[in-house]
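In: sequence? don't have it. structure:
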DNA sequence: TTGAAAGCGATACCAC
DNA sequence: GTGGTATCGCTTTCAA
């Protein structure tokens, strides 16, 4: 079978304790013996078995990451952040995708726990009570990341959605828009969707002569945006800008406009929210709020590692700065 | 600390062997005792430690996946295939991204080996000799997946690039195009890029009155396509279609056309290769060759699991069918 | 059908 | 400095 610490010890003519010491640099070993051991290790190609090591040290150097779908570019960005920072501290990622199946989410929580991960990051739409119960039982660091819902009880990393939405609306206002149609998704009061609406409404109230409408799409997908656009152009008149609560909806709207020869931004301005990776490469380039997904992932795992190292932690909820990406899909009206 | 099999045994008043037996259903246990044990497990919330289990059984139920960048949508698609099929057989994914760093690739190979993964899937551009050496040492199933290079020595899953490229070219020909510009990337003879060119040339030779040109972009990115488009429209005349060797280049070309008021497909047809997830949502919708990335991942891990189960294996190289996706970016010329 | 005991491959404590 | 050994939590003979 594969070579073990015993083989190294036997061939080098020392005890396994000594071998362990040179591998881990845990205690002084005489130079000659150290060299001898190192030579043998090199020679027979010994590689320590991390499983055995984990069993005694209780350190698996594994962080479990549960996501809805790694195919979503914003989630992929978060996972990149998680992975890159994790690697800096020798942590690896055990990845599980649920594809929206809440039961799977719970199952994977248990699975990861049994696999002895040292921390769990859950990227999901909502944090339901079963998951809460579960995580409360486990005594490991946990961070919840979501593009949709807000919660105060567990560690999370996010941006100020109200602020961001306010700023986006005011930006449109600054371009001269007063008839703005907000395209969002109906969610409950604690959702991030509601916060975006709050920001939008606050900015609307702030503004003289503002005439704003809110329309809800059936979901968050590109097709939902497309379908919504059909209704919008049928039901409303006079609006000069559509503010979509996320980029996917905006892409749907843009596609609808393309198919119906409505020019963006000449005929109408369209803005989004999120800055998922593709939109900077679309034409016209979409004006949107850049949510720092990579950083969100990075900060999330950094927090877990801090907790693991028992370093002092900031408050549960980390608010990261956002950025208003002004691009070509929005224009001053004359 | 956490509850172990010992606790269960003690509380249930049986030996740990018995507990192990009911957990694994490995040997008959009397109904009363089984119930008793199950009750205790439920009551104290015992969850077997997979690490300890792995140490003795040698089965980690972990597959290592090394990718260049999970942010690439085609890689994300492959990983989805890998993960979903893996889960069907209780396998989990240990994910590592190299971001093109070859040294990291090697490092992660070793890391995964030490973590006792049962198989490795490498998604990368090329399979260099260091990696080959490394994998030859490890005695675990290995599959190499690439969108760029071809190799015969290790298991892989792919499509017939020559065929696909031939078919695409012939499709353009069938639309009446005779002046076709192929936009590719210069690579060595064994690359998949060369195969696409081979297919293109074969179809060109096949066709009466064909006037084809080949132009090379600097790389595979959207920006490379954009830059290449600048040169193309300066250097060549008369072409009616641009056949891009991958979708990213095609998007770059489309963006250039948008910025320069060149209409697709009215002024020119543009086709791609790959069918990465975003292109079906772009406008105009891109005609392209659909490479079944999800299936490639799925077949790859299926092969590894078969090997692990010592089931009979097909040949090393699995060729999957491709599909010519006819969409709006290509049009019959009149 | 059940229990005792020997490992799996490492770490870590305790002597020397 | 170095070696012996208990231990981590579990599976798996081997006897009973």
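Out: Structure received. Note that this is a predicted model, so its numbers are computed, not measured.

In: List the contacts of the closest residue to DNA strand D within the stretch 101-250 of chain A.
Out: With Cβ to the nearest atom of the strand as the measure, residue A:114 is the residue of the stretch 101-250 of chain A nearest to DNA strand D, at 8.3 Å. No exception for glycine: its C-beta is placed from N, CA and C like everyone else's. Taking Cβ atoms under 8 Å, 6 or more residues apart in numbering or on different chains as the criterion, residue A:114 is in contact with B:47-50.

In: Okay, it and residue A:299: tell me how far apart.
Out: From residue A:114 across to residue A:299, the span is 27 Å (Cβ to Cβ, to the nearest Å).

In: excluding its backbone neighbours, what's nearest residue A:209?
Out: residue A:178 (5.3 Å; Cβ to Cβ, 6 or more residues apart in numbering or on different chains).

In: Residue A:69 - that's part of a helix, no?
Out: No: the assignment for residue A:69 by DSSP: H, G, I helix; E, B strand; the rest coil gives coil, which leaves it out of any helix.

In: wait, what's in contact with it?
Out: Applying Cβ under 8 Å, 6+ apart, the residues contacting residue A:69 are A:75, A:97-100, B:80.

In: for residue A:137, same thing?
Out: Applying Cβ under 8 Å, 6+ apart, we find residue A:137 in contact with residue B:45.

In: Let's see the pLDDT reported for it.
Out: For residue A:137, the pLDDT comes out at 90.

In: cool, residue A:1 as well?
Out: Model confidence at residue A:1 (pLDDT) stands at 61.

In: and what of the one 4 residues further on?
Out: Per-residue confidence for residue A:5 comes out at a pLDDT of 96.

In: Now do the contacts for it.
Out: Residue A:5 touches A:16, A:19-20, A:23, A:46, A:48, counting by Cβ under 8 Å, 6+ apart.

In: try 10 Å
Out: Residues near residue A:5 by Cβ atoms under 10 Å, 6 or more residues apart in numbering or on different chains: A:16-17, A:19-20, A:23, A:41, A:46, A:48-49, A:52-53.

In: ok, so what distance separates it from residue A:228?
Out: Taken as Cβ to Cβ, the span from residue A:5 to residue A:228 is 63 Å.

In: picking up where we left off before, so can I have TSV of the contacts of residue A:114 showing secondary structure and neighbour count?
Out: Listed next are the contacts of residue A:114 as TSV, based on DSSP: H, G, I helix; E, B strand; the rest coil; neighbours: other Cβ atoms under 10 Å in any protein chain shown:
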residue	secondary structure	neighbour count
B:47	coil	15
B:48	coil	16
B:49	coil	19
B:50	helix	22
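
In: right, and the pair among these with maximum separation?
Out: B:47 and B:50 (8.9 Å; Cβ to Cβ).

In: Poorly predicted segments of the stretch 1-150 of chain A, please.
Out: A:1 (pLDDT under 70).

In: Count the neighbours of residue A:129 for me.
Out: 7 (other Cβ atoms under 10 Å in any protein chain shown).

In: go on, the one 5 residues further on?
Out: Counted with other Cβ under 10 Å, the neighbours of residue A:134 add up to 17.

In: Assumed it was part of a helix.
Out: Yes: under three-state DSSP, residue A:134 sits within a helix.

In: how far away is it from residue B:219?
Out: Computed as Cβ to Cβ, the residue A:134 to residue B:219 distance reads 46 Å.

In: Spatially nearest residue to the most centrally placed residue in chain A (excluding sequence neighbours)?
Out: With distances taken as Cα atoms, centre = their mean, residue A:78 lies nearest the centre of chain A, 3.7 Å away. Nearest non-adjacent residue to residue A:78, counting by Cβ to Cβ, 6+ apart: residue A:297, 3.7 Å away.

In: wait, doesn't the one you found sit right on residue A:291?
Out: No: applying Cβ atoms under 10 Å as the test, residue A:297 and residue A:291 come out as separate, 11.4 Å apart.

In: Tell me which of those two has more neighbours.
Out: Neighbours were counted for residue A:297 and for residue A:291 using other Cβ under 10 Å; residue A:297 has more, 29 against 25.

In: for that one, phi and psi?
Out: phi -60, psi -40 (degrees, to the nearest 10).

In: got a pLDDT number for it?
Out: 98.

In: Could you pull up the residues touching the residue nearest to residue A:78?
Out: Neighbours of residue A:297 in contact, by Cβ under 10 Å, 6+ apart: A:65, A:74-86, A:121, A:123, A:143, A:145, A:157.

In: From the residues you listed, which land in strands?
Out: Assigned to strands by DSSP state E, the following of those qualify: A:65, A:121, A:123, A:143, A:145, A:157.

In: how many neighbours does residue A:238 have?
Out: Counted with other Cβ under 10 Å, residue A:238 comes out at 9.

In: Check what pLDDT the nearest residue to it once chain neighbours are set aside gets.
Out: Closest residue in space to residue A:238, ignoring its immediate chain neighbours: residue A:179 at 5.0 Å, by Cβ to Cβ, 6+ apart. If you check residue A:179, the pLDDT there is 96.

In: surely residue A:179 meets residue A:213?
Out: Yes: in this structure, residue A:179 is within contact of residue A:213 by Cβ under 10 Å, at 8.2 Å.

In: Which residues are in contact with each of the two?
Out: Common neighbours of residue A:179 and residue A:213 (Cβ under 10 Å, 6+ apart) are A:236, A:238-239.

In: and which of those is nearest to residue A:91?
Out: For the shared contacts of residue A:179 and residue A:213, with residue A:91 as the reference and Cβ to Cβ as the criterion, the closest is residue A:239, at 48.5 Å.

In: And stretch A:76-89, what's buried?
Out: The neighbour-count criterion (16 or more other Cβ atoms under 10 Å in any protein chain shown) identifies A:76-83, A:85-87 as the buried residues of stretch A:76-89.

In: my guess is residue A:237 meets residue A:179, correct?
Out: Yes: using Cβ under 10 Å, residue A:237 is in contact with residue A:179, at 8.8 Å.

In: Of the two, which one has the most company?
Out: Legend: neighbour count by other Cβ under 10 Å for residue A:237 and residue A:179, higher for residue A:179 (16 against 7).

In: out of the contacts of residue A:5, which touch DNA strand D?
Out: Within the set of these, contact with DNA strand D (Cβ under 7 Å from any atom of the strand) is found for A:16-17, A:52.

In: Out of those residues, which are close to DNA strand C?
Out: A:16-17, A:52.

In: Quick one: buried ones out of those residues?
Out: residue A:52.

In: how about the strands in chain A?
Out: According to DSSP E, the strands that chain A contains are A:62-67, A:92-97, A:119-123, A:142-145, A:156-159, A:179-185, A:211-217, A:241-244, A:269-271, A:288-290, A:317-320, A:323-325.

In: Highest mean neighbour count out of those strands?
Out: With neighbours defined as mean count of other Cβ atoms under 10 Å in any protein chain shown, the strands of chain A peak in mean count at strand A:241-244, which reaches a mean of 29.

In: Quick one: mean pLDDT over that strand.
Out: 98.

In: That one pairs with which strands, and in what direction?
Out: strand A:179-185 (parallel), strand A:269-271 (parallel) (DSSP bridges).

In: what's the offset of that strand from the middle of its chain?
Out: Put simply, strand A:241-244 sits 24 Å off its chain's centre (Cα atoms, centre = their mean, to the nearest Å).

In: Then stretch A:112-127?
Out: How far stretch A:112-127 lies from its chain's middle: 13 Å, per Cα atoms, centre = their mean.

In: How about it and DNA strand C, touching?
Out: No: on the criterion Cβ under 7 Å from any atom of the strand, stretch A:112-127 is out of touch with DNA strand C, staying 12.8 Å away.

In: ends of that stretch, how far apart?
Out: From its first residue to its last, stretch A:112-127 covers 17 Å (Cα to Cα, to the nearest Å).

In: Also stretch A:237-256?
Out: 16 Å.

In: Looks like residue A:204 contacts residue A:212 (just checking).
Out: Yes: contact criterion Cβ under 10 Å: residue A:204 and residue A:212 qualify, at 4.5 Å.
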